[in-house]
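K.L.:
Got a sequence here, can you model it:
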Amino acid sequence: MRLWLVRSGRYGEREQEALASNVLAPGFVDIGDLSKAASKDDVREVLRGALPDAGDGRIKHFTNQLYQFVRTMSVGDLAIMPRKNTGMVAIAEVRGDYAFRPDLPNLVHVRPVKWLRPDVSRDVFEQDLTYSLGAFMTICEISRNNAVERVKAVVRTGTDPGPVRAAAPGRTAADIEAGESAIQDIDELARDQIRKHIGAKFKGHALARLVAAVLEAEGYVTSVSSPGKDGGVDILAGRGSLGLDPPRLCVQVKSGSETSDVTVLRALQGTMQNVKADHGLLVSWSGVTQDVEREARQSYFTVRIWRSSNLIEAALRNYERLSEEIRNDLPLKRTWTLVLEE
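P.N.:
Next up is the predicted model:
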């Protein structure tokens, strides 16, 4: 059994459809049918025809990834799909061979899977696996440090037991290291570090303090409830010098490790009516269930969901305007790097 990392779009644009369709879908939608490609040379020939202006390096890069997806990956393998828009990952078991699906124009190249855990927090994984999840490649194998057994443990228990530095049966440690020499996505790795820092530094009610600071940086006047029972509201926020002008927000903040379900969303909607808020914001550090996503979609013009990734993005966007106290607790600096070609 092997473990694969398969992304579904640089911006996560194919993630929801991949989950709903029970497939891995790495993209490459402009590339033709690879079902008859028996070798890397066959894959390379298809790529040359589809991308005549691409350089040798890019063709080699894509060839290696697609050959793994089409021929090396096997039924029974495990796969992880990072969920770019939620800060979570989805874990799947491969259930079928490669298929070319022009009837799914946003996906095209797919592998049938069973999603075992569609909403695992990245914080579950130890630092070494988090680093592997930051590989820049769209498709690659993750094998070092007993990765397969650890991900199986996460599926069973929700906990990563940690690294055991041993080669997989039939493979040397050198093979493992060579298989994971992929360039890392520095932006994703940085956000993982920020996510872990916020999760540790802003536990419990402290996360509401960070959310309030971000809202204040965006021009709101806020009132944060005291720690303890909050009556279904952690933050009230409004515009104007006194915070009385619209839009008026009612904010519920969930900082724990559990995914928020529909009872949390419905409680927020009830509180919105009680306090006469125009809009509601549910901030759930560990994400929300699919039922919450569906119900929030039905209340699109009144309710928004912020997951850890949304809060991090808002904090980065407003960092220079955050209070000195918050910036001391969340010390960041801007770094420029070259954008690498996928």
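K.L.:
can you map out the strands along the stretch 1-150 of the chain?
P.N.:
With strands called from DSSP state E, counting those that start in this stretch, the stretch 1-150 of the chain shows them at 3-6, 23-24, 78-83, 88-94, 99-101, 108-121, 139-141.
K.L.:
Same check on the stretch 151-300 of the chain?
P.N.:
221-224, 235-239, 245-254, 279-284.
K.L.:
out of those strands, nearest to residue 93?
P.N.:
Relative to residue 93, the nearest member of the strands of the stretch 151-300 of the chain by Cβ to Cβ is strand 279-284, separated by 26.8 Å. (Each C-beta comes from the backbone N, C-alpha and C, glycine too.)
K.L.:
what's the angle between the closest one and strand 235-239?
P.N.:
Here the directions of strand 279-284 and strand 235-239 differ by 140 degrees (axes from the mean of the first three to the mean of the last three Cα atoms, to 10 degrees).
K.L.:
Strand partners (parallel or antiparallel) of strand 279-284?
P.N.:
The pairing partners recorded for strand 279-284 under DSSP bridges are strand 245-254 (parallel), strand 303-306 (parallel).
K.L.:
List the contacts of it.
P.N.:
207, 211, 247-254, 259-260, 264-265, 268-269, 271-272, 288, 292, 296, 302-307, 310-311 (Cβ atoms under 8 Å, 6 or more residues apart in numbering).
K.L.:
go with 7 Å
P.N.:
With contact meaning Cβ atoms under 7 Å, 6 or more residues apart in numbering, strand 279-284 is reached by 211, 247, 249-254, 260, 264-265, 268-269, 272, 302-307, 311.
K.L.:
pLDDT averaged over it - what is it?
P.N.:
Averaging pLDDT along strand 279-284 gives 96.
K.L.:
can you list contacts of the helix ranked longest in the chain?
P.N.:
For the chain, the helix that runs over the most residues, judged by DSSP state H, is helix 186-201. Residues outside helix 186-201 that contact it (Cβ under 7 Å, 6+ apart) are 87, 122-123, 130-131, 134, 210, 285, 308, 312, 329-330, 337.
K.L.:
Strand 78-83 and that helix, what's the angle between them?
P.N.:
80 degrees.
K.L.:
Tell me what angle helix 186-201 forms with strand 108-121.
P.N.:
20 degrees.
K.L.:
in helix 186-201, what counts as buried?
P.N.:
188, 189, 190, 191, 192, 194, 195, 198, 199 (16 or more other Cβ atoms under 10 Å).
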